[in-house]
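Enquirer: Here's my sequence, what's the structure:
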Amino acid sequence: MKFENFISGRYLQQYQYKSFSPSKINESWTWEDGKINTLLAEANRKIGALDAFSQNVPETDIFIEMHVAKEATKSSKIEGTQTEIEEVIKKESEIAPERKDDWKEVQNYIETMNTSIKELKNFTLSTRMLKNAHKFLMTGVRGRHKNPGEFRTTQNWIGGASLKDATYVPPVHTEINELMSDLEKFLHNDEIDVPVLIKTGIAHYQFETIHPFLDGNGRIGRLLITLYLVSSGLLSKPSLYLSDYIEKHRQLYYDNLNMVRQKNAMSQWIKFFLVGVIETSEKVIETFKTILELKQEIEDKKLATLGSKLPKAKLLMKYLYRKPIVNAVEIKDELEVSQPTANSLLADFEKLKILNEKTGWKRNREFEFTEYLNLFRDKK
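Expert: Okay, here's the model as predicted:
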């Protein structure tokens, strides 16, 4: 199937509205647009460099945890959840009551991502895995009454107050099983010669077009991108997430998806997707490099001055890369040291300007690894 000849589907008249019935995608794909070849080559080069970086640099798994936290924050923000990266890395007991619902949704997404990545070691990516991911995502949060882990059995829609004025109405529920089966077959069809990144872009479009769940489709659809890149072997570690790119270009993202449905513009969608892969890969590599420079500077110039405290200081640093906002009680428990030792370490780290005390209080003080945390915050 050529992108240029692709017919994305058709609108079917239902009672007082029209639903979109998408064409199936499990076939070989080609294109005439030379720009796609250029972007594909660049995207493969960038994602290959990112993967090599994540494999060859020590302790990148620790840094990836913060990328997962940022992805969860961004992906949830696209759906209207207002939680900042500083809150995500805190315990529930430290979250203001009025913000706990949003916090829980982001924590569910982190758990969903981590669990799904682990499952890939023993199972292939499948609709069953996506259902399990959806169940994790919706447990105990606002979508818990919307059939967690099950495809919808009623009509949903995007935009608008009702089906009558919706921006987009996905296929009726009776089409979902067949369409999702086709999507799964497409992902695992080794007889068609379609590059992994092209497959990933098409699959994400198709998933969002099917919209198989009553809620959480955006988050599961974005998770699908990373899961497929890992399951296909293009990434050895889950280091690439596109939600930051999508959130920054949110309207363009929706417009490009809709252009496929309305004007069969698959080529334009794929170009948008590949640019996202390129820009995100570059950004993650740059962040990793900055982290390593920061790590080296701290270890060589700052921690080296601590003498006998150095072993505990190194353990504290390792913890800070996972959780860059801490307090004395937490350090005491994590490092298994006395309270005076924890206080002394924090005082040393503050003096060395590794940590900043953020509360201004004499008790229950909170310390932030600001220079590191800023790498994952939104740039103003």
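Enquirer: Give the closest residue to Asn108 in space, chain neighbours not counted.
Expert: Leu137 (5.3 Å; Cβ to Cβ, 6 or more residues apart in numbering). Any C-beta I mention is one placed from the backbone N, CA and C, and that applies to glycine too.
Enquirer: which residues does the one you found contact?
Expert: Residues near Leu137 by Cβ atoms under 8 Å, 6 or more residues apart in numbering: 108-109, 112, 143, 148, 216, 219-220.
Enquirer: How much space separates it from Val277?
Expert: The gap separating Leu137 from Val277 is 24 Å, by Cβ to Cβ, to the nearest Å.
Enquirer: Return the distance of stretch 232-245 from the chain's centre.
Expert: The chain centroid and the centroid of stretch 232-245 are separated by 8 Å, computed with Cα atoms, centre = their mean, to the nearest Å.
Enquirer: Ignoring the adjacent residues along the chain, who's closest to Glu65?
Expert: Closest to Glu65 by Cβ to Cβ, 6+ apart is Arg322, at 5.6 Å.
Enquirer: What is the neighbour count of the one you found?
Expert: 14 (other Cβ atoms under 10 Å).
Enquirer: wait, doesn't it sit right on Met66?
Expert: Yes - the pair Arg322 / Met66 is scored as a contact, 7.5 Å apart, by Cβ atoms under 8 Å.
Enquirer: still on that earlier bit, confidence-wise, which of the contacts of Leu137 comes last?
Expert: The lowest pLDDT within the contacts of Leu137 belongs to Gly143, with 73.
Enquirer: circling back to that earlier point, any idea whether the residue nearest to Asn108 is helix, strand or coil?
Expert: Of the three states, Leu137 takes helix under DSSP: H, G, I helix; E, B strand; the rest coil.
Enquirer: ok, and for stretch 91-101, which residues are buried?
Expert: Ile95 (16 or more other Cβ atoms under 10 Å).
Enquirer: so Lys77 sits right up against Glu84, yeah?
Expert: No - with contact defined as Cβ under 8 Å, Lys77 does not reach Glu84; the gap is 9.1 Å.
Enquirer: higher neighbour count, these two?
Expert: Taking other Cβ under 10 Å, Lys77 and Glu84 do not tie; Lys77 has more neighbours (19 against 15).
Enquirer: which residue packs closest to that one, ignoring adjacent ones?
Expert: Glu247 is the one closest to Lys77 (Cβ to Cβ, 6+ apart), at 6.0 Å.
Enquirer: So which bits of the helix or strand harbouring that neighbour are buried?
Expert: Here Glu247 sits within helix 243-248, counting by DSSP states H and E. For helix 243-248, a neighbour-count test (16+ other Cβ under 10 Å) marks 243-247 as buried.
Enquirer: any low-confidence regions in the protein?
Expert: Scanning the chain with the threshold set as pLDDT under 70 gives 379-380.
Enquirer: before we move on, the earlier item: out of the contacts of Leu137, who's the most crowded?
Expert: Tyr109 leads these on contacts (other Cβ under 10 Å) with 31 neighbours.
Enquirer: What separation do you get for that one and Glu350?
Expert: From Tyr109 to Glu350 the distance is 33 Å (Cβ to Cβ).
Enquirer: Ok, Pro324 next?
Expert: 14 Å.
Enquirer: Dump stretch 323-343 to CSV, restricted to CA.
Expert: The C-alpha atoms that make up stretch 323-343 are tabulated as CSV, following Å, rounded to 0.1, in the frame of the first residue of the first chain:
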residue,chain,number,x,y,z
LYS,A,323,15.0,10.9,44.0
PRO,A,324,16.4,14.4,43.8
ILE,A,325,14.2,15.8,46.7
VAL,A,326,14.9,14.3,50.1
ASN,A,327,14.7,14.9,53.8
ALA,A,328,16.9,13.7,56.8
VAL,A,329,14.5,10.9,57.9
GLU,A,330,14.5,9.5,54.4
ILE,A,331,18.3,9.5,54.2
LYS,A,332,18.6,7.9,57.6
ASP,A,333,16.3,5.0,56.4
GLU,A,334,17.7,4.7,52.9
LEU,A,335,21.4,4.7,53.9
GLU,A,336,20.8,2.9,57.2
VAL,A,337,22.7,5.4,59.2
SER,A,338,22.0,7.3,62.4
GLN,A,339,20.0,10.5,62.4
PRO,A,340,23.1,12.6,63.3
THR,A,341,25.0,11.0,60.4
ALA,A,342,22.1,11.8,58.0
ASN,A,343,22.0,15.4,59.2
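Enquirer: Next, Glu84: phi, psi?
Expert: Taking degrees, to the nearest 10, you get phi -100, psi 160 for the backbone angles of Glu84.
Enquirer: contacting residues for it?
Expert: Going by Cβ under 8 Å, 6+ apart, Glu84 touches 73, 377.
Enquirer: and which of the buried residues of helix 243-248 is nearest Phe20?
Expert: Ile246 (20.9 Å; Cβ to Cβ).
Enquirer: In three-state terms, how would His145 be classified?
Expert: coil.
Enquirer: Which residue lies nearest the spatial centre of the protein?
Expert: When Cα atoms, centre = their mean is applied to the chain, the residue found nearest the centroid is Glu71 (3.7 Å).
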